[in-house]
Each structure stands twice: as structure tokens, then as C-alpha cells.
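Participant: here is the input, now give the coordinates:
(one chain, ligands or ions: 1)
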Amino acid sequence: MSTSKLRRRLLLAGTSMMFAGTTVAQTVAEPVFGTPGKDSGWIPTPEGMVEAMLRLGKTTREDYVVDLGSGDGRIPILAAQVFGARSMGVEYNPDLVAFSQQRARNAGLAERVRFIQGDVFEVDFSSATVVTLFMPPAFNQKLRPRLLAMKPGTRILSFIFGMGDWEPDESVFVEDQRGMLWIVPAQMGGAWTVNVEGPDPARYALRLDQQHQKLEGRITIDTAPLPLFDARIDANRVRFTALPNGRRHDFDGRLVGGRIEGTLRVTGVPALRRFSAAR
Ligand SMILES: C[S@@+](CC[C@H](N)C(=O)[O-])C[C@H]1O[C@@H](n2cnc3c(N)ncnc32)[C@H](O)[C@@H]1O
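Facilitator: So this is what the prediction gives:
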């Protein structure tokens, strides 16, 4: 065959391949239940539950939702479609990633929703404000230190499976199945010195013993250390009550830059007093 004939043939073949590529859109087949992954296979969270959980987590368009083990992509897509959030799915199985990307493109959401192929344990998802999961307990247990190290206030949502002794803050039930919410607590355990401001300044020694969002502790207001009541951490907010001589002292503060800043209400004293605490 002459060189010019060969060149013409190659050109024709190339054009028809390009043509095939643009006109016959490749369709990725629907995944089947149980499609293998790494630490679990694919079983989807029912869509009604996905919406209920994202609502429980107060998801808004300001959020960045990351689904760890994103399966057919339904959670990141619904987070963008219904709540206007930006979102990402991390999925080990490349066929599921291709299927999810196709769904996002078809829904016109390719700009707001991203899917990446990878192992959750090797992907940085620390900028997420909402994390979703439907993974076995052993996976959750292994992932837990990374979740607890996220920015205080990050919402974690899991379908069916819990986080061991880190109890959920709230639950939602859809057709007898449970979705759970955890709010990442700030780390406030340890010894603090509380300085109360105002016309009658005071200094108290405070000891906080934290287990996730649960709090116990003691505060020395007069001479003896007193137990704390109703002590709790919500994201970076801390609240507790002490009863020196039966007189209620309600502390309500926030951890800001390593210090707790807040207000103290004492029964019988009309004005709130400001306090700050340092380690
Ligand atoms: C039970 S499905 C949940 C899918 C989706 N999150 C939902 O709730 O509809 C778990 C998914 O995680 C994927 N997976 C398992 N281990 C993984 C890992 N280490 N990293 C990333 N994806 C993983 C599986 O392939 C599967 O699609």
C-alpha cells in the first residue's frame, strides 16, 4: 500500500473513532448489590434515609459533604441536589466511581460533586464539614481517631453502625432503621484556672475529665472541690453547673484559641459575669 493510501486510511479510522466517541455515549452499567469494595461491599443507604440524615446534620449550601465509601454516589449527589452543598465521594471500586461520575454529569452537577477512586484511609477529607458513612463497625472503630481529630462542630452521620463508646448525639428513624449524628467535640480535658471578672473578681481551679462529648469534673469555688452537674461539650461550647453552699453557678463558655471564654450566672445575682479560663 502506498504511503499516501495508508495515511488516508489511518485518518479515516481516527475520524470514525472520534466520531464513535462523541456520538455513542458510553453508559456505565447499574451496579448490583454486593459489588465488592475493600472493607465492605456495596449496599446503598435508602434515599429517604440519606435525606433524613443530611437534614439531621443541618446540611446547608455552605457545607462540604464527604461520603466515605460512596457506592453509587447517591449521598454526594443528593447533598448537592437537595441541600445545595458541595460534595465529594471516596470510593475504592473504580466501576462504582465511573457510575457515580456519570450520574453526577447526567444530573448537571459535575461542578459541585466530585468522585475519587481511593482507599478512605489514604485520602485527606479533613476539610469536610459533614461526613457520611455506611460502613461496618470495625471500619468505624479504625476511622474514629481521624473523625475525632476533625474541626470541632464537624457533623458525622452514619447509617445503622455506631462508633463504639462514642455515643451519638442524636438519631433519626426511617422505617425502623436508624441514622445517627455525632458532633465532633473540642478537646477540653485537663486542669484549668478560671478567672471571673467584674467588681468582685475571683479565681477558681477547674478540672475537666472528658470522654468524647461527655464531661465530668470538679471546681474549687470556696475551699473544697465541688462536682460539676449537667456538664457537656457541644462542638467548642462547654457548659456546667456547680452548687457552692447550694447556690447555683451556671458556666457557659466556648473554646477560642486555647482559652475558654464565657459567662457565669449566679442565682440571685441579676447581672451575668464574664469569665475566661486558661490551662
Ligand atoms: C455499604 S456501601 C455504602 C455506600 C454509600 N455510602 C451509601 O451509603 O449508599 C460501602 C461502600 O464503601 C466502599 N468501600 C469499602 N471499603 C472502602 C475503602 N477502604 N475505601 C473506599 N471505599 C471503600 C465499597 O466499595 C462500597 O461501595
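Participant: going by C-alpha atoms from here, please, whenever you check contacts or count neighbours.
Facilitator: Fine.
Participant: look up phi and psi at Leu54.
Facilitator: Main-chain dihedrals, Leu54, degrees, to the nearest 10: phi -60, psi -30.
Participant: hang on, it packs against Ala80?
Facilitator: No. Leu54 is beyond contact range of Ala80, at 10.8 Å (criterion: Cα atoms under 8 Å).
Participant: which residues in the protein form helices?
Facilitator: Assignment of helices within the chain using DSSP state H yields the ranges 3-23, 47-56, 74-83, 94-106, 137-148.
Participant: lowest average confidence across these, which one?
Facilitator: Among these, helix 3-23 carries the lowest mean pLDDT, at a mean of 37.
Participant: give me the neighbour count for the nearest residue to Asp252 once chain neighbours are set aside.
Facilitator: Nearest non-adjacent residue to Asp252, counting by Cα to Cα, 6 or more residues apart in numbering: Arg239, 4.5 Å away. By other Cα atoms under 10 Å, 20 other residues sit near Arg239.
Participant: tell me the contacts of Gly189?
Facilitator: By Cα atoms under 8 Å, 6 or more residues apart in numbering, the contact list for Gly189 reads Arg207, Leu208, Asp209, Gln210.
Participant: measure the last one to Pro225 for me?
Facilitator: In this case it means Gln210. With distances taken as Cα to Cα, to the nearest Å, Gln210 is found 17 Å from Pro225.
Participant: also the third one?
Facilitator: In this structure, Asp209 and Pro225 are separated by 14 Å, where distance is defined by Cα to Cα.
Participant: kindly report the same for the first one.
Facilitator: When distances are taken as Cα to Cα, Arg207 and Pro225 turn out to be 9 Å apart.
Participant: overlap in contacts of the two?
Facilitator: What both Arg207 and Pro225 touch, as defined by Cα under 8 Å, 6+ apart, is the set Arg218, Ile219.
Participant: tell me which of the two has more neighbours.
Facilitator: Between Arg207 and Pro225, Arg207 has the larger neighbour count (other Cα under 10 Å), namely 21 against 17.
Participant: so what touches the longest strand anywhere in the chain?
Facilitator: Of all segments of type strand in the chain, defined using DSSP state E, the longest is strand 202-211. For strand 202-211, the surrounding residues in contact (Cα under 8 Å, 6+ apart) are 187-196, 215-221.
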